[in-house]
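Visitor: how would this look folded up:
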Amino acid sequence: MKLRPETESDYAAIATVVTQAFGQANEAQLIDRIRSSDRYCPSLALVAEQEGAIVGHILFSYVDLVGEESRSILSLAPVAVQPAVQKQGIGSALVQAGLTVADSLGEALIVVLGHPQFYPRFGFKPSVEYAIESPFPVPDAAFMVKPLQHFHVAYRGRVVYPSAFNDV
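Guide: Numbers count the residues shown, from 1 in each chain. Next comes the predicted model:
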């Protein structure tokens, strides 16, 4: 398996993988909207390839953390693996690779709305433990944060997603 940043020529294959993984096109449309926004970070949009075919994708993009100050932080959304090859470590490899890239770029914090059984293995913890509020009415265990090397306790407040996330 090869992990690498996405390229424009990958977009159609990524949309297919994401749509198959989620059983609907909403998340693929979200990716398109993020790519068209100022919140897109190409080095944090990764694909997993097997035998030249894209089988997985992950996207980290910028959202706001609004507290005493407003700060840009990363959101992990979405991560998708082609159904035929799920549960083989591809999603985990994508998450780990993305965390490594984000840390190397000097990012401080990543938020994710996801499965509380999956993300803690990468160091994600409920956001409430860091005084970070979800913008959605979800269980505390489902909205998580991963502090990176440049994290500071001043990172607290309410997460605000940009308009690209509307209609998900």
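Visitor: residues of the longest helix along the chain that come out buried?
Guide: In terms of residue count, the longest helix belonging to the chain (DSSP state H) is helix 90-104. For helix 90-104, burial by neighbour count (16 or more other Cβ atoms under 10 Å) applies to 90-91, 93-95, 97-99, 101-102. For the C-beta atoms, the positions are set from N, CA and C on the backbone; glycine is no exception.
Visitor: contacting residues for the spatially most central residue of the chain?
Guide: Taking Cα atoms, centre = their mean as the criterion, residue 76 is the residue nearest the geometric centre of the chain, at 1.4 Å. Taking Cβ atoms under 8 Å, 6 or more residues apart in numbering as the criterion, residue 76 is in contact with 58-60, 95, 98, 110-112, 114.
Visitor: What about the residues you listed, which are in helices?
Guide: Filtering the contacts of residue 76 for helices - DSSP H - leaves 95, 98.
Visitor: export the contacts of residue 76 to TSV and tack on pLDDT and distance to residue 135?
Guide: Listed next are these as TSV, based on pLDDT from 0 to 100; distance: Cβ to Cβ, whole Å:
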residue	pLDDT	distance to residue 135
58	98	21
59	98	18
60	98	17
95	98	22
98	98	22
110	98	16
111	98	10
112	98	13
114	95	15
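Visitor: and the two most separated of the contacts of residue 76?
Guide: Using Cβ to Cβ, these span at most 14.3 Å, a distance reached by 58 and 111.
Visitor: what's the distance between residue 73 and residue 132?
Guide: The spacing between residue 73 and residue 132, counted by Cβ to Cβ, to the nearest Å, is 9 Å.
Visitor: Need the residues touching each of these two.
Guide: With Cβ under 8 Å, 6+ apart applied, the overlap between the contact sets of residue 73 and residue 132 consists of 65, 111, 155, 159.
Visitor: Can I get the longest strand seen in the chain in PDB? Just the C-alpha atoms.
Guide: Ranked by residue count and defined by DSSP state E, the top strand of the chain is strand 53-66. In PDB, the C-alpha atoms belonging to strand 53-66 read as follows (Å, rounded to 0.1, in the frame of the first residue of the first chain):
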ATOM      1  CA  ALA A  53      -5.900   1.900  -7.500                       C
ATOM      2  CA  ILE A  54      -7.200   4.400  -4.900                       C
ATOM      3  CA  VAL A  55      -8.800   2.400  -2.100                       C
ATOM      4  CA  GLY A  56      -8.800   5.100   0.700                       C
ATOM      5  CA  HIS A  57      -8.900   8.800   1.300                       C
ATOM      6  CA  ILE A  58      -8.500  11.200   4.300                       C
ATOM      7  CA  LEU A  59      -9.000  14.900   4.500                       C
ATOM      8  CA  PHE A  60      -7.900  17.400   7.100                       C
ATOM      9  CA  SER A  61      -9.100  21.000   6.700                       C
ATOM     10  CA  TYR A  62      -9.200  24.100   8.700                       C
ATOM     11  CA  VAL A  63     -12.100  25.100  11.100                       C
ATOM     12  CA  ASP A  64     -12.200  27.800  13.700                       C
ATOM     13  CA  LEU A  65     -11.800  27.500  17.400                       C
ATOM     14  CA  VAL A  66     -13.500  30.500  18.900                       C
END
